[in-house]
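Undergrad: can you look at this prediction? I've put the sequence above it.
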Amino acid sequence: VQLVESGGGLVQPGGSLRLSCAASGFTFSSYAMSWYRQAPGRERELVAAITSAGGSTDYADSVKGRFTISRDNAKNTVYLQMNSLNPEAADVYYCNNIKAARFRFDWGQGTQVTVSS
């Protein structure tokens, strides 16, 4: 299994980024997927989740209305559109399946999001 996150970078407050996670090594379309974020010294936390077919999504309260998770099962890729970014969103973002921790895949390298003027 391989999860490769990309799309992070430096953005000004109020700006937007679109993160991508390319998955391989498993039947992507069979798994609900999630985006997580982690700040230095803190636990990873769930940001957004999407069902296997993409018909249902859920978000952390802190990002509702600003972030949108989506997926393309033909491309084995899950996305996170992040709008109206604020400095609190500056973390390393990871994707993984939505299962309990012991059932998750090995983590990828993540993609760094920096929000600064």
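TA: Nice, thanks for sending it over.

Undergrad: shaky segments in this protein?
TA: Scanning the chain for pLDDT under 70 picks out no residues.

Undergrad: centre-most residue in it?
TA: By C-alpha atoms, centre = their mean, the chain has its centre lying nearest to residue 35, at 2.7 Å.

Undergrad: look up which residues are beta-bridged to it.
TA: residue 48, residue 95 (DSSP bridges).

Undergrad: thought it was touching residue 44?
TA: No: using C-beta atoms under 8 Å, residue 35 makes no contact with residue 44, being 10.2 Å away. The way it works is simple: take the backbone N, C-alpha and C, and place the C-beta from them, glycine included.

Undergrad: how about the strands in this structure?
TA: 2-6, 9-11, 17-24, 33-38, 45-50, 57-59, 67-72, 77-82, 92-97, 111-115 (DSSP state E).

Undergrad: what sits against residue 30?
TA: By C-beta atoms under 8 Å, 6 or more residues apart in numbering, the contact set of residue 30 is residue 52.

Undergrad: what of residue 37?
TA: 44, 45, 47, 89, 91, 92, 93, 94, 113.

Undergrad: if I look at the closest residue to the third one other than its chain neighbours, how far off is residue 8?
TA: Computed as C-beta to C-beta, 6 or more residues apart in numbering, the closest residue to residue 47 that is not its neighbour in sequence is residue 35, at 4.5 Å. Between residue 35 and residue 8 the distance is 12 Å, computed by C-beta to C-beta, to the nearest Å.

Undergrad: which neighbours do the two share?
TA: 19, 93.

Undergrad: can you check which residues contact both of residue 35 and residue 44?
TA: residue 94.

Undergrad: give the burial count for residue 1, as a bare number.
TA: 12 (other C-beta atoms under 10 Å).

Undergrad: my guess is it meets residue 24, correct?
TA: Yes: counting by C-beta under 8 Å, residue 1 touches residue 24, with 7.3 Å between them.

Undergrad: I'd say residue 19 and residue 94 touch.
TA: No: in this structure residue 19 lies outside contact range of residue 94 using C-beta under 8 Å: 9.7 Å.
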